[in-house]
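S.K.: 3D model of this:
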Amino acid sequence: MKSIATDDPKMEVESGVRLIDSHAHIELEPLSAQVPEVVARALVIGVVGIITVGIDIEDAKAALKIARENAIVFASIGIHPHNAKEVGEGDLGLMEDLANDPKVVAYGEIGLDFFRNHSPHDVQRGVFGDQIELAKRKSKPLVIHLRDAYAEGLGILEQKGPYPAGGVIHCFSGDESDAQRALDLGFHISIPGTVTYKKNNQLRSIVSHIPEDRILLETDCPFLSPEPFRGKENEPSLIIHTARKVAEVRGVDLIDLASLTTNNAIRLFNLPL
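M.R.: Numbers count the residues shown, from 1 in each chain. Presented below is the predicted three-dimensional model:
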């Protein structure tokens, strides 16, 4: 594998690698102010697709605009559990209309967040359930956010299944039992930069056992930068560091790991790549 030199210390490029950032937020500040540059840097390191994720009505519109303007960018839209309390009459209908755009390849991120608790738990549950049904009507794969709520969130998903279009637990932070429940639902598991953190042995253990056809990679940028950039602004080009760590944990070549996860993303999201 041949390394390619760049002038940016963040970018460690290796030829032959094709990656998809299955969950980003390039419509959020500060990345929204530099989208052309962010996409260009991603292309240099071998990123062939980015899914940017809108988390409320206005954010979904911004994500969709970026997706329409950039060939390798696609959108996922939904009401994040943090924003569940802000959902008004007609909002889910508007989100359903936006989901008709061919650049919208998934519905979410939706789910439960009992860590930040920005919205009451009962409101989160109601909005989550309504959006699961919306996604199923639109035949879109689900993008699920769960934080300190795996038991209840997976329970709701189990009650409302099956999911012919599939789905993904993004930024996975559960335990091995949670991972198995997600896999039993037919879902994928997406691995963020936290897999590179020195103390995150639990996630690395789970990564080593995820079936080949169910693993995805993501940045969740501008959050959760991988080592050695932890605490700094994240972006899609840094997914190469996550890919290297996942390849190391699974004992496979980086190019093979990249090909595997990219094909999984293309298949799940029906990407025209």
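S.K.: Which positions in the longest helix anywhere in the chain come out as buried?
M.R.: In the chain, with assignment by DSSP state H, the single longest helix is helix 121-138. Judged by neighbour count (16 or more other CB atoms under 10 Å), helix 121-138 contains these buried residues: 124-125, 127-128, 131-132, 134-136. C-beta here means a position set from N, CA and C on the backbone, and glycine is covered the same way.
S.K.: now stretch 182-190
M.R.: Using 16+ other CB under 10 Å as the test for burial, stretch 182-190 gives 182-183, 185, 187-190.
S.K.: now for the residues you listed, which pair is the farthest apart?
M.R.: Greatest spacing in those, by CB to CB: Leu185 and Ser190 (14.1 Å).
S.K.: all strands in the stretch 51-200 of the chain, in order from the N-terminus.
M.R.: With DSSP state E, counting those that start in this stretch as the criterion, the stretch 51-200 of the chain has strands at 73-77, 104-113, 142-147, 167-169, 188-191.
S.K.: which helices and strands sit right next to the longest helix of the chain?
M.R.: Contacts defined by 3 or more CB pairs under 8 Å, 6 or more residues apart in numbering; DSSP states H and E place helix 121-138 against helix 91-98, strand 104-113, helix 150-160.
S.K.: Buried residues, the longest one. List them.
M.R.: Buried positions in helix 150-160, judged by neighbour count with 16+ other CB under 10 Å: 150, 152-154, 156-157.
S.K.: Likewise for the first one?
M.R.: Residues of helix 91-98 classed as buried: 92, 95-96, 98 (neighbour count, 16+ other CB under 10 Å).
S.K.: for the residues you listed, which one is nearest Phe172?
M.R.: Closest approach between those and Phe172, by CB to CB: Met95, at 24.6 Å.
S.K.: OK, contacts around that closest one?
M.R.: Met95 makes contacts with 57, 60, 77-79, 131, 134, as judged by CB atoms under 8 Å, 6 or more residues apart in numbering.
S.K.: just to revisit the earlier point, mind putting the buried residues of helix 91-98 in TSV, distance to Val195 and pLDDT included?
M.R.: Rendered in TSV, the data for these read as follows (distance: CB to CB, whole Å; pLDDT from 0 to 100):
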residue	distance to Val195	pLDDT
Leu92	34	97
Met95	31	98
Glu96	34	97
Leu98	32	98
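S.K.: Name the nearest of these relative to Ala258.
M.R.: Leu98 (30.9 Å).
S.K.: That's all I had, so thanks and see you.
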